[in-house]
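*Asks:* Sequence and computational prediction follow.
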Amino acid sequence: MEINHGMHTGRIIKTLQEVYREFTTSIDNPEIRTLIYNNTIIAGGSIASMLMGERVRDYDFYFTDPEIAVKVLNYFIERDFSATRNLAHIRKMENIKGVEEDRPYVKLVLGSIEAKHEGPFRGRLLTSNALSLSGKKGGPSIQLIVRFAGSADKILSNFDFVHCTCYYDSVTNKLCLNQPALESMLSRRLLYIGSLYPIATIFRLKKFIKRGWNISAGQITKLALQITECKLTPLLLVDQLMGIDLHVMRHFIEKINDKIEVGPDGKEERLEVFLAKHFANTSVATMLDDLFESGELEGADDPDIDNFD
């Protein structure tokens, strides 16, 4: 029987200090270095992985202020993604709960843009939700998450599973753990606490179950009920799919984006109206079968769903 020994808190803090140091010192612009160090937290699956003795795949940085997120994002767009002429800005958008919020936004025609650079901490993938940067050779990557911004409590309130709600604050040098998260890790039992991305969470379930986690029927029902309450529009559906491997979902996203229309009142069609209008002759189920069950789309059976941990 293989036993994984997790890190103690002192070692985790030291590891995350080094992550901040190596990442920020790789940035030429001193203002951007300072903004990242003083206005981000590391949260999500990386801390759970360290506590449980598992491999860390990436470190997720979250910003405490959306305006700072935009400034940092634009620095990397201009440095590593010169192919796009679009810079990020603050845009008022409605989330799946029908609540309007200020969000960093960058217009990307195909939903994402890739870049190929050599060396660590260089831009790899840019989406409307996050910027992925390469890590050190063979090491975890860095993700700058711009979808959520604000205080630590506000950021964590958007997470789906409780075991992801531990975080590290570089300013105070504190690792903040909580009992429900630790109990979830010890039992490897998924506890759903709500999310702005419940559709992406369905795909995340597959990832966690493959890693030996369990989930009760009650937790699955909570997730299903939240999806039924979503006020989905075509754009919000695309937004949901951004939490899944874009290589796999891009074709479906393109089919939706090609047909999205905004009415004279500036509002989108409801999702069910949109689907009936534009896909009447080809059902969405048939379209998805054609895209994902043909065997031609690499990764369709095992999508990368680490975009949000």
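*Replies:* Nice, I can see it.

*Asks:* Quick check: closest non-adjacent residue to residue 113.
*Replies:* residue 126 (4.9 Å; C-beta to C-beta, 6 or more residues apart in numbering). C-betas here are computed from N, CA, C, even on glycine.

*Asks:* And residue 17, by the same measure?
*Replies:* In space, and not counting its chain neighbours, residue 17 is closest to residue 173: 7.2 Å by C-beta to C-beta, 6+ apart.

*Asks:* and the gap between the one you found and residue 133?
*Replies:* 23 Å (C-beta to C-beta, to the nearest Å).

*Asks:* Could you check which helix or strand contains residue 41?
*Replies:* In the assignment (DSSP states H and E), residue 41 maps to strand 40-43.

*Asks:* Okay, now the sheet partners of that strand, with direction.
*Replies:* Partner strands and pairing direction for strand 40-43 (DSSP bridges) are strand 58-63 (antiparallel), strand 167-169 (antiparallel).

*Asks:* ranking those by burial, who's on top?
*Replies:* strand 58-63 (a mean of 25; mean count of other C-beta atoms under 10 Å).

*Asks:* Centre of the chain to that strand, how far?
*Replies:* Relative to its parent chain, strand 58-63 has a centroid offset of 9 Å by C-alpha atoms, centre = their mean, to the nearest Å.

*Asks:* Using PDB, write down the CA coordinates of the longest strand along the chain.
*Replies:* When the chain is parsed with DSSP state E, its longest strand is strand 141-149. Extracted C-alpha coordinates of strand 141-149, given in PDB (Å, rounded to 0.1, in the frame of the first residue of the first chain):
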ATOM      1  CA  SER A 141       2.900  26.100 -13.800                       C
ATOM      2  CA  ILE A 142       1.600  29.400 -12.700                       C
ATOM      3  CA  GLN A 143      -2.000  30.500 -13.300                       C
ATOM      4  CA  LEU A 144      -3.000  34.100 -12.800                       C
ATOM      5  CA  ILE A 145      -6.800  33.800 -12.200                       C
ATOM      6  CA  VAL A 146      -8.700  37.000 -13.200                       C
ATOM      7  CA  ARG A 147     -12.200  35.600 -13.000                       C
ATOM      8  CA  PHE A 148     -12.500  36.300  -9.300                       C
ATOM      9  CA  ALA A 149     -11.000  39.200  -7.500                       C
END
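
*Asks:* What is the neighbour count of residue 158?
*Replies:* 17 (other C-beta atoms under 10 Å).

*Asks:* distance of it from residue 204?
*Replies:* According to C-beta to C-beta, residue 158 stands 14 Å off from residue 204.

*Asks:* So what touches the helix or strand following the longest strand of the chain?
*Replies:* Once the chain leaves strand 141-149, the next helix or strand it forms, by DSSP H and E, is helix 152-156. For helix 152-156, the surrounding residues in contact (C-beta atoms under 8 Å, 6 or more residues apart in numbering) are 41, 43, 62, 64, 148-149, 165, 167, 169, 176.

*Asks:* what's the span of stretch 181-195, first residue to last?
*Replies:* With C-alpha to C-alpha, to the nearest Å as the measure, stretch 181-195 spans 16 Å from end to end.

*Asks:* buried ones in that stretch?
*Replies:* Using 16 or more other C-beta atoms under 10 Å as the test for burial, stretch 181-195 gives 181, 184-185, 189-193, 195.

*Asks:* Which of those sits closest to residue 208?
*Replies:* The closest of those to residue 208 turns out to be residue 190 (C-beta to C-beta; 5.9 Å).

*Asks:* Give me the distance between the closest one and residue 161.
*Replies:* Distance, residue 190 to residue 161, using C-beta to C-beta: 5 Å.

*Asks:* and for those two, which residues touch both?
*Replies:* Residues touching both residue 190 and residue 161 (C-beta under 8 Å, 6+ apart): 184, 208.

*Asks:* Skip ahead from the one helix or strand residue 200 maps to and say which helix or strand is next.
*Replies:* In this structure, residue 200 sits in helix 198-210 according to DSSP H and E. Once the chain leaves helix 198-210, the next helix or strand it forms, by DSSP H and E, is helix 217-229.

*Asks:* before we move on, the earlier item: backbone dihedrals for the residue nearest to residue 17, both of them.
*Replies:* Phi and psi for residue 173, reported as degrees, to the nearest 10, are phi 60, psi 40.
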